[in-house]
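**Q** after the sequence you'll find the predicted model.
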Amino acid sequence: MSHYPLDKYRNIGIAAHIDAGKTTLTERILFYTGISHKIGEVHEGAATMDWMEQERERGITITSAATTCSWKDCQINIIDTPGHVDFTIEVERSLRVLDGMVAVFAGVEGVQPQSETVWKQANRHRVPRIVFVNKLDRTGADYFKVVRDVNDKLKANAIAMQIPVGASEDFSAIIDVLTCRMATFSGDMGEQVSWTDVPSEYLDKVAELRTKIIEAASDFDDVLGDKFLNEEELTIEDIKRGIRNGVLAQELVPAFCGSAFKNKGVQLLLDAVVDYLPSPLEVPAVEGVVKGTDTKVEIKADPKAPFYALVFKIMTDPFVGILNFIRIYSGELNAGSYVFNSRTSSKERVGRLLKMHANKREEISSARAGDIVAVVGVKDTMTGDTLTDSKNEVLLETITAPMPVISSSIEPKNKADYEKMGLALKKTMQEDPSFRFSYNEETGQTEISGMGELHLEIVVDRLRTEHKVEVRQGKLQVAYKETVQKPADAEGKFIRQSGGKGQYGHVWIKLEPRERGAGFEFLDKVVGGAIPKEFIAGVQKGIVETLTSGVLGGYPVVDCKVTLYDGSYHDVDSSEMAFKIAGSMAFKAAMKMASPVLLEPVMKVTVDTPDDHMGDVMGDLSSRRGRILGMESDGKGGQVIVAEVPLGQMFGYSTDLRSMSKGRASYSMEFECYREVPKNVLDSIIEKK
């Protein structure tokens with residue numbers, strides 16, 4: 001496989017709110033770069049990047065898809081990510097391994113709730129980005145308003161780099177402010193770009209914006225700044241260098257415009273990707289930690305250095321088996337060579353290396369630093385695993401998955417399919433870290449948990465289509481949690497005498513609350529050998545198992561600390577099992593005394609409604625125990641209402657909202673936090689349980 005120089009690589013993600021046009025944009029990129037010879041349309045269910053049956057049926061992206069193309073002597077690795085909040089893990093793990101991002105905004109709607117979430121994720125991973133304002137052919141689209149929106153709502157320093165010529169259906173050309181030239185797009189698919197002089201009526205606007213761009217770029221380049229202050233002649237290269245420095249520092253966001261569907265502006269966006277987004281050499285070196293120590297290791301992008309890669313996605317392919325998508329940070333990997341999994345300390349052989357184009361595969365013999373490829377043959381892996389050469393036990397920062405907020409029971413229609421269903425669910429959980437399943441021994445049911453109604457609907461649909469398992473799904477349930485509010489000490493004593501060797505375990509523990517989201521912690525503070533070391537693990541095991549079922553409604557217990565500080569043992573009768581039971585008894589007793597409370601997932605709900613239905617919508621949200629956080633005009637005769645509402649009150653909301661607004665209002669929601677359930681609601685939840 002021929003390789004580009006590292007400074008010619010661009011690893012980018014395309015991310016936005018649902019229906020902003022990400023996949024349509026990616027389809028055009030594939031066409032203009034020669035990867036595909038026919039443009040696949042999302043609305044026709046023919047998009048290359050939306051290859052899953054469920055994606056084509058619904059016209060939405062569900063799983064992130066990777067592809068590789070070339071533009072202006074650069075290799076661009078692209079990941080098209082979902083816009084729906086239920087699949088936010090796909091954006092999270094993609095941004096973890098990418099060097100740059102194109103944030104897409106619809107020209108009419110501007111900044112929407114999920115685009116805010118994606119922007120925050122990019123901030124957290126410190127990903128440089130550029131903006132593409134799409135759908136300028138639609139009535140009401142306003143490029144400059146969206147740029148202001150990005151600055152106001154996302155606190156970004158966005159600068160308009162272009163001027164659209166014409167509005168709505170008359171959108172016909174794009175003026176490039178830097179070069180003071182106008183681009184028009186002709187040919188069947190807009191593949192021919194012609195450059196002409198700027199019409200006279202736009203010259204003042206071009207001059208105004210050009211000055212703003214130069215002022216912004218001057219802050220990030222001393223040479224440019226000096227030339228600007230001394231009123232010397234500035235070259236396009238000078239200005240681009242300043243903009244690029246600002247983008248790399250994540251303090252400047254150039255904004256471009258177009259209409260992907262109408263084939264306008266995509267080639268200019270590709271130019272911007274090459275000009276302004278970083279190569280692997282221009283982003284900070286990733287850090288790893290030597291396994292079992294706190295020693296940090298800096299891993300620089302270098303094909304000749306030791307091999308390091310991160311598994312960021314796992315997918316099951318019906319033809320080749322398990323595909324591990326990896327981002328190679330340094331070194332080189334050859335098909336047929338061996339890799340070392342730092343988490344499992346196991347050595348595995350790489351059978352094949354594949355360059356992916358959505359679900360199509362191109363076999364390659366080698367890959368190196370900067371590449372995003374799929375590996376076949378490596379089996380015992382999880383999302384977030386580090387692969388190295390066998391000499392290095394270094395762990396790269398892993399990928400954290402959000403906790404599920406909704407669950408449902410399922411069972412196969414055919415009893416003979418139980419085992420088949422279990423294997424299918426294991427594969428699904430391996431592919432999607434935000435999905436969980438468990439077997440409830442009390443009810444004899446299998447419970448699946450995920451990020452929302454659509455998430456679980458897709459899982460059940462994939463069981464049917466991909467794994468050929470027909471299942472019945474139970475009623476959706478909220479994933480409640482339990483925790484404690486105050487410290488409590490408790491004793492657990494398990495003594496059983498039945499002739500011969502008996503059982504003896506005796507412990508004292510202190511149970512304390514922790515901050516929300518801090519998880520569970522176990523501390524061993526036993527002194528003087530009150531409990532022998534070999535039984536401590538048994539106590540911890542008993543407590544951890546009891547965490548799965550709290551004392552209020554049998555929900556999982558979170559955010560607490562248990563300190564084991566005393567106890568006693570019997571020389572003959574004590575065993576690990578006896579101490580495990582004693583630990584479990586002590587934890588249950590302590591929890592009853594520690595003011596247990598029930599926690600419920602609270603969602604941030606954003607409703608876009610016409611003015612005349614605003615009162616009904618707000619009243620309905622309040623009746624669902626919602627707390628209105630704010631409201632603002634959308635500038636088009638409507639209001640955007642933001643509220644926090646418990647998830648348990650949101651089932652069936654889409655139907656209710658449609659009926660109260662005559663189908664004119666829409667909403668989106670995302671997980672916000674876990675919050676204590678009010679006392680009057682607690683009793684009804686426990687009664688239902």
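**A** Great, that's in hand.
**Q** quick one: buried residues of the longest helix along the chain?
**A** Longest helix in the chain by number of residues (criterion: DSSP state H): helix 576-593. Of the residues in helix 576-593, those buried under the neighbour-count criterion (16 or more other C-beta atoms under 10 Å) are 576, 578-591. Using the backbone N, CA and C atoms, a C-beta is placed for each residue, glycine as well.
**Q** do stretch 66-83 as well
**A** Of the residues in stretch 66-83, those buried under the neighbour-count criterion (16+ other C-beta under 10 Å) are 66-69, 71, 74-83.
**Q** any idea which element Ala183 lies in?
**A** Counting by DSSP states H and E, the secondary-structure element that holds Ala183 is strand 181-186.
**Q** thinking again about what came up before, other SSEs contacting the longest helix of the chain?
**A** Applying 3 or more C-beta pairs under 8 Å, 6 or more residues apart in numbering; DSSP states H and E, one finds that helix 576-593 makes contact with strand 488-496, strand 503-513, helix 533-546, strand 560-568.
**Q** looking at these, which is nearest to Leu621?
**A** Leu621 lies closest to strand 503-513 among the helices and strands packed on helix 576-593, at 30.6 Å (C-beta to C-beta).
**Q** export that closest one as PDB, just CAs?
**A** Extracted as PDB, the C-alpha positions of strand 503-513 are listed here (Å, rounded to 0.1, in the frame of the first residue of the first chain):
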ATOM      1  CA  GLN A 503     -19.900 -21.600  58.900                       C
ATOM      2  CA  TYR A 504     -18.700 -18.400  60.700                       C
ATOM      3  CA  GLY A 505     -18.300 -14.900  59.300                       C
ATOM      4  CA  HIS A 506     -18.500 -11.700  61.300                       C
ATOM      5  CA  VAL A 507     -17.900  -8.100  60.000                       C
ATOM      6  CA  TRP A 508     -18.400  -4.500  60.900                       C
ATOM      7  CA  ILE A 509     -18.700  -2.000  58.100                       C
ATOM      8  CA  LYS A 510     -19.200   1.800  57.700                       C
ATOM      9  CA  LEU A 511     -21.400   2.900  54.700                       C
ATOM     10  CA  GLU A 512     -21.000   6.500  53.500                       C
ATOM     11  CA  PRO A 513     -22.500   8.500  50.600                       C
END
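**Q** pull out the buried residues from the very next helix or strand once past that strand.
**A** Toward the C-terminal end, the helix or strand that comes next after strand 503-513 (DSSP H and E) is strand 520-524. If you call a residue buried by 16+ other C-beta under 10 Å, then strand 520-524 has these buried ones: Phe522.
**Q** relative to helix 576-593, how tilted is strand 520-524?
**A** The directions of strand 520-524 and helix 576-593 differ by 120 degrees, with axes from the mean of the first three to the mean of the last three C-alpha atoms, to 10 degrees as the criterion.
**Q** for strand 520-524, which outside residues touch it?
**A** Strand 520-524 is contacted from outside by 514, 536, 540, 543-544, 547, 557-564, using C-beta atoms under 8 Å, 6 or more residues apart in numbering.
**Q** rerun at 10 Å
**A** Around strand 520-524, the neighbours that count as contacts under C-beta atoms under 10 Å, 6 or more residues apart in numbering are 509-510, 512, 514, 531, 533, 536-537, 539-541, 543-544, 547, 556-565, 583.
**Q** re earlier: show me what the strand holding Ala183 is packed up against.
**A** Judged by 3 or more C-beta pairs under 10 Å, 6 or more residues apart in numbering; DSSP states H and E, strand 181-186 is in contact with strand 162-165, strand 173-176, strand 192-197, helix 266-276.
**Q** make CSV out of the ones you listed and add mean pLDDT.
**A** What follows is the helices and strands packed on strand 181-186, written out as CSV (pLDDT from 0 to 100):
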stretch, mean pLDDT
strand 162-165, 94
strand 173-176, 94
strand 192-197, 93
helix 266-276, 94
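**Q** quick one: low-confidence ranges for the stretch 1-150 of the chain?
**A** 1-2, 36-64, 83-87 (pLDDT under 70).
**Q** that one: helices as residue ranges?
**A** Using DSSP state H, counting those that start in this stretch, the helices of the stretch 1-150 of the chain run over residues 22-32, 53-58, 88-97, 113-124, 143-154.
**Q** distance of Ser365 relative to Asn11?
**A** 21 Å (C-beta to C-beta, to the nearest Å).
**Q** the more surrounded of those two?
**A** With other C-beta atoms under 10 Å as the criterion, Ser365 and Asn11 differ in neighbour count, and Asn11 comes out ahead with 26 against 10.
**Q** done for today, thanks.
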